[in-house]
Every structure is written in C-alpha cells, then in structure tokens.
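Participant: sequence isn't available, so here's the structure alone:
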C-alpha cells in the first residue's frame, strides 16, 4: 500500500501552531512589561479620603461604598500583578469617590439651608411674642390715675331770721345807749339818747347838744 504525503497541508498546520504560540508570547510579554498603576491607585485613594472628609458616609453612603469596593478590588489585582485590571478598577473607584464627594457637598449645603430656615422661623416667632407682649408691658408701666377728690358739701344757708334781724347794739331800754362815763363821772356809766334816723336815712341832730360833745 502506497502512502501519499501532502506537503502543503503539513506546512499549513505548522504555521497555525506558530501563530498561536506567538500570540500567547506577545500577550504574556505585554502583561509583564506593563508597569503597576501606582499613580492611579494613589489618586483613587486620595479621592476616597476627600469623600470621607466631606461626610459622604452620611449624605452619599451608597456611592462611597461602591468606591471603596472598587478600590479593594484594585488592590487585589495589584497583588496578583494584574496591572491592567488594577488600573481600570482604580479609575472606577476614583469616579465613584468623586461622585460621592459631590453628593455629600450638596447634602451638606441643603442641611445648612434647612438649619438657617429653622433659625429664621424661630426668631420670627420670638419677635411675634415680643410684639404681642409689648402692649401689656406698656399698660403695666403706665401710672394709675388717682381717684377723684371728694366733693366738698355746700355750706347751709343761714336762716331767714338771722338775715332779717340785725344784732342788738349796746342800747338800753327806752332808746338810750349806755356808754362809759368820763373821768368826772366817778367811774359810772352815762346814759345818752340813741340817735334816731330821719326820713332820708341821715341821723337826726339833737338840738340840745348844740354841736358840742
């Protein structure tokens, strides 16, 4: 039995084997020649710290958790010398950390605005209470009005008999006026007639006196 050899088929198989080996070698060589992404890892770590400082754990905990997980995966890839994977994971971690920081800053700003609004509302209520209490304080500070003075009762009018009857003068009986006597009368009293009024209202002149006292 005769065997027939095909040189072309043998050459084609060898070429395929060589190409496969070359691809494997180039792939291994590329992995070996790529430097570790230290800069990317450091930048991702710095962005993570910035997010923590911005209180991202309070305002953006989900995004901060994504960034931390990606960074841990990047560290694991670095340990296995998978530098390409480590670089990609570090970039994703940095992006998540920056997003968490931005959300944290926005949340902190909103919290400050809410605090300002609450403080303004409290001050407004205090002002309203002060305004409401001002009239009461003014009323308490006003001095009380003194009571009106008691009315002085009117004096009773004198009786008609008192007004019509003149007081009795030093007249004696019989229309004579008793006056003290002079030194020559021996210390007694002298009786002289009382002056009588004329029709015109003037006192009448005694003709016996002759104008002498």
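Facilitator: Structure received. Quantities reported herein were computed from a predicted structural model and do not represent experimental measurements.

Participant: what's the longest helix in this structure?
Facilitator: Ranked by residue count under DSSP state H, the longest helix found in the chain is helix 83-141.

Participant: where in this structure is pLDDT low?
Facilitator: When residues are selected by pLDDT under 70, those of the chain lie in 1-33, 135-213.

Participant: and the nearest residue to residue 59 once chain neighbours are set aside, how far is that from residue 64?
Facilitator: Residue nearest to residue 59 in three dimensions, not counting chain neighbours: residue 107, with 3.1 Å by C-beta to C-beta, 6 or more residues apart in numbering. Where you see a C-beta, it was placed from the backbone N, CA and C, and this is true even at glycine. Distance, residue 107 to residue 64, using C-beta to C-beta, to the nearest Å: 12 Å.

Participant: in terms of neighbours, single out the busier of these two.
Facilitator: Ranked by neighbour count (other C-beta atoms under 10 Å), residue 107 and residue 64 place residue 64 first, with 25 against 16.

Participant: was I right to think that one contacts residue 51?
Facilitator: Yes. Assessed by C-beta atoms under 8 Å, residue 64 is found in contact with residue 51 at 5.5 Å.

Participant: so what sits against both of these two?
Facilitator: Residues within reach of residue 64 and of residue 51 at once, by C-beta atoms under 8 Å, 6 or more residues apart in numbering, are 97, 100.
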